[in-house]
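Novice: predicted structure and sequence below. I'll ask about it afterward.
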Amino acid sequence: MEKETANQEKPDALDSRLAQRLAALRTERNWSLDELAQATGISRATLSRLERGETSPTASLLGKLCSTYGITMSRLLGELEQQSAKLIPLKTQQVWVDPETGFRRRLVSPPARDFRVEMIEGVLPAGAVIVYEEASVRGMEQHMWMLEGVLDYTVDGIEYRLHPGDCLRFHLFGGTRFFCPGPAAARYLVLLCEP
């Protein structure tokens, strides 16, 4: 697995912009922290800390927030981009790391106004599990291409074991579960297209 170099954006800068965007999403909907807590099942205190940038959200928390706001995680993270471009050099691709599992999510081709397809690279460490209770955008078309390692991926209650070169394609309507049985990390690309 590649090692992040100094040319990648510092996590603090991305976390700060993410905190600001999460606060803005709630404000745009005129929701109180209590209303958002009730809608997401996330405590008011945790939401407050997230919006102030005092803690980094886990993949699971981001999944719940994205489901409530009706946007994909890629779209949320893509909104943190400073500008859209045709060429997206590796050194400018945003990388978000889940503080709980070590899951790494790279926005290879972030959402943009003129493009419907997004591309992300995921790297899930051996033994790590991520569960998203519901789809952030129901009916989203996804194509998952396995690059390295093994991934057990559950969608619509069916578990698929993906090996390098395998491609799983589906429309997402419900919850999902990612598990990397190891011994190496699971690395994959996902193409997303909103309905």
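Specialist: Ah, there it is. Numbers count the residues shown, from 1 in each chain.
Novice: CA only for contacts and neighbour counts going forward, please
Specialist: Fine.
Novice: how close does residue 128 sit to residue 185?
Specialist: With distances taken as CA to CA, to the nearest Å, residue 128 is found 9 Å from residue 185.
Novice: who's more crowded, these two?
Specialist: Using other CA atoms under 10 Å as the criterion, residue 128 and residue 185 rank with residue 185 on top: 21 against 17.
Novice: need the contact list for the more buried one.
Specialist: Listed by CA atoms under 8 Å, 6 or more residues apart in numbering, the contact set of residue 185 reads 123, 124, 125, 126, 148, 149, 150.
Novice: quick one: which of these is most hemmed in?
Specialist: residue 124 (27 neighbours).
Novice: okay, and the beta partners of that one?
Specialist: residue 186 (DSSP bridges).
Novice: could I get the phi/psi values of residue 145?
Specialist: Main-chain torsions, residue 145, degrees, to the nearest 10: phi -110, psi 120.
Novice: excluding its backbone neighbours, what's nearest it?
Specialist: residue 167 (4.4 Å; CA to CA, 6 or more residues apart in numbering).
Novice: list the neighbouring strands of the stretch of helix or strand residue 108 belongs to plus their orientation.
Specialist: Using DSSP states H and E, residue 108 falls within strand 104-109. Counting by DSSP bridges, the strands paired with strand 104-109 are strand 95-97 (antiparallel), strand 117-124 (antiparallel).
Novice: residue contacts, the most centrally placed residue in the chain?
Specialist: By CA atoms, centre = their mean, the chain has its centre lying nearest to residue 73, at 4.3 Å. Counting by CA under 8 Å, 6+ apart, residue 73 touches 62, 63, 66, 136.
Novice: and which of those is nearest residue 24?
Specialist: Closest approach between the contacts of residue 73 and residue 24, by CA to CA: residue 66, at 13.2 Å.
Novice: what ranges does the protein have for its helices?
Specialist: In the chain, the helices defined using DSSP state H lie at 11-28, 33-40, 44-51, 59-69, 73-78.
Novice: how far is the shortest one from where the chain is centred?
Specialist: The one in question is helix 73-78. In terms of CA atoms, centre = their mean, to the nearest Å, the centre of helix 73-78 is set 7 Å apart from its chain centre.
Novice: quick one: low-confidence parts of this protein?
Specialist: 1-11, 78, 81-84, 113 (pLDDT under 70).
Novice: kindly recompute the last result at 50.
Specialist: Scanning the chain with the threshold set as pLDDT under 50 gives 1-9.
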